[in-house]
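Student: Give me coordinates for this.
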Amino acid sequence: MSTSMQADYGPRARIGVAVPFANPTVEPELRALLPAPVGIYATRLVHPAPRVEERLNHYVRHMADAARTFGTMNIRAFGFGCTGSSYVAGRALEDELAATAAAELKLPVITAAQAIRLALGALGVRAIALASPYPEGLSEAGYQYWRDAGIEVVAKRRVDLALTDTHRIYELTSDDALEALRGLDATGAGALVASGTGMPTLRALRAMQAETHLPVLSSNLCLAWALLRTVAPELAPASPAGLLGPR
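Tutor: Okay, the predicted model is just below:
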């Protein structure tokens, strides 16, 4: 029997992430962004309510329960991969719920929205141009979230005006994200932000890097960066853009 104590998968650290049940985007994007020695493992957020706001409210209030589904797996941090839940809760309650979950679990807990805030803080950005794939009501909650966080939204664009529920977000592509980002008037913005973990963004972010001098961020990019900075700081770039490769 081998005497090696190094894990085959996730030898540097293992990260757990919670994902809305129909979201097909978080795991592949985080895996593409994180270095190979860091393992990423997902659990599903499930609730039967037909109303999106009710589902999102349930998810954010049960973060610790979601993390407990990993059982005895030695995860070093827990990411909450649902930006919309943070918007429904609002900034203050989100921080309170994340802190409570972290204390119960005895490990770091970072939401996607908190990760964006961390990235904006690291970049010294106080104004953003925001593209989001949400229904109108959830988009408005998002704008209020950023105002409460002290971030000015100088331009905003909804990716699909016909959306009435979050499930259709999962049918979007990076081309949809790219079109929305290109359609933003970034005058006065310190960064472009594509909100929402369900909308694919990586190809769009890389394309935008060649088109603008501004940082271009997304929920999944920032979540990957914030989690990596927590579990393996020596592997983390100074800003999220470093995970995308050279400009």
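
Student: helices or strands up against the biggest helix by length in the chain?
Tutor: Scanning the chain for the longest helix, with DSSP state H as the assignment, gives helix 91-105. Under the contact criterion of 3 or more Cβ pairs under 8 Å, 6 or more residues apart in numbering; DSSP states H and E, the helices and strands touching helix 91-105 comprise helix 52-61, helix 63-68, strand 77-80, helix 83-89, strand 109-111, helix 112-123, helix 136-148. For every residue, glycine as well, the C-beta is placed using N, CA and C.

Student: Please export the C-alpha coordinates of the third one as PDB.
Tutor: By that I understand strand 77-80. What follows is strand 77-80, C-alpha atoms only, in PDB (Å, rounded to 0.1, in the frame of the first residue of the first chain):
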ATOM      1  CA  ALA A  77     -13.800  27.100   2.200                       C
ATOM      2  CA  PHE A  78     -17.400  27.200   1.100                       C
ATOM      3  CA  GLY A  79     -18.600  29.300  -1.800                       C
ATOM      4  CA  PHE A  80     -22.300  30.300  -2.300                       C
END
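
Student: hmm, who's touching it?
Tutor: The set of residues external to strand 77-80 that reach it, using Cβ atoms under 8 Å, 6 or more residues apart in numbering, is 13, 15-18, 30, 59-60, 63, 66-67, 86, 98, 101, 105, 107-112, 115, 223, 226-227, 230-231.

Student: Give me the pLDDT value at the residue nearest to Glu53 when sequence neighbours are not counted.
Tutor: Excluding the flanking residues, the one nearest Glu53 by Cβ to Cβ, 6 or more residues apart in numbering is Val88, at 5.7 Å. The per-residue pLDDT reported for Val88 equals 97.
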